[in-house]
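1. Have a look at this prediction, sequence included:
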Amino acid sequence: MPLSMTYQEFLRYTMEEREKWRRFCAVHPEAMEHPMPSPRYGTIGKLIDHIFLVERRHLQRLRGEALSERTGLTGNNAPPLFDYGASVRRELEQYVADLDEDVADQLRQFEVREQPWPMSARKLLFHILVHETRHWAQIALAVRAAGLEPPGDHDLFYSKAFH
């Protein structure tokens, strides 16, 4: 038996994490304004905005669409930001459901930062989830630095996404 994690399992794990953070931000709306340790994203809210925008942009790349420049949100109001993220996620799930497995593994060219990157749709789809996971960990660190306790256990070990 090969040891592997399916895309659907990883997707469920990231959805668990999003839900923890959505609930946390609803209880601690002030957290959206806490600074990130790195000035690149500014605040926790701006980094959450970045997570959801990057997912949208990669989905647009996969579909061959023009890329959005912004979410159109401020990054300081959690409910509409998480609603935006949920909307993008539903579109991503539909894209994956419709994606032919053979097509998913075909090498394609994606332009990122004005540079071509050869990769399969499968690789880009997994990257979307890895990107999000990395940033939630950064947010957890910023929350701790702000004197708050992050919501729940975040390690895959604790996830109910798979056994």
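-> It's in. If you're wondering where the values come from, they're calculated on a predicted model, not measured in any experiment.
2. Any chance you could list what contacts stretch 113-129?
-> Stretch 113-129 is contacted from outside by 7, 10-11, 13-14, 54-55, 58-59, 61-62, 92, 96, 99, 103-111, using CB atoms under 8 Å, 6 or more residues apart in numbering. Backbone N, C-alpha and C define where each C-beta goes, glycine included.
3. what comes up buried for that stretch?
-> 121-122, 124-126, 128-129 (16 or more other CB atoms under 10 Å).
4. swap in stretch 21-40?
-> Neighbour-count burial for stretch 21-40 flags 21-22, 24-25, 28, 31-32, 34, 36 (criterion: 16+ other CB under 10 Å).
5. contacting residues around the most centrally placed residue in the chain?
-> The centre of the chain sits closest to residue 132, judged by CA atoms, centre = their mean, with a distance of 3.3 Å. Residue 132 makes contact with 14, 17-18, 51, 55, according to CB under 8 Å, 6+ apart.
6. now the longest helix along the chain, how far from the centre of its chain.
-> The longest helix of the chain (DSSP state H) is helix 121-145. In terms of CA atoms, centre = their mean, to the nearest Å, the gap separating the centre of helix 121-145 from the centre of its chain is 6 Å.
7. State the mean pLDDT of that helix.
-> Averaged across helix 121-145, pLDDT comes to 96.
8. If you count contacts, what does the helix or strand residue 8 falls within end up packed against?
-> Element membership of residue 8 [criterion: DSSP states H and E] is helix 7-27. Counting by 3 or more CB pairs under 8 Å, 6 or more residues apart in numbering; DSSP states H and E, the packing neighbours recorded for helix 7-27 are helix 78-98, helix 121-145.
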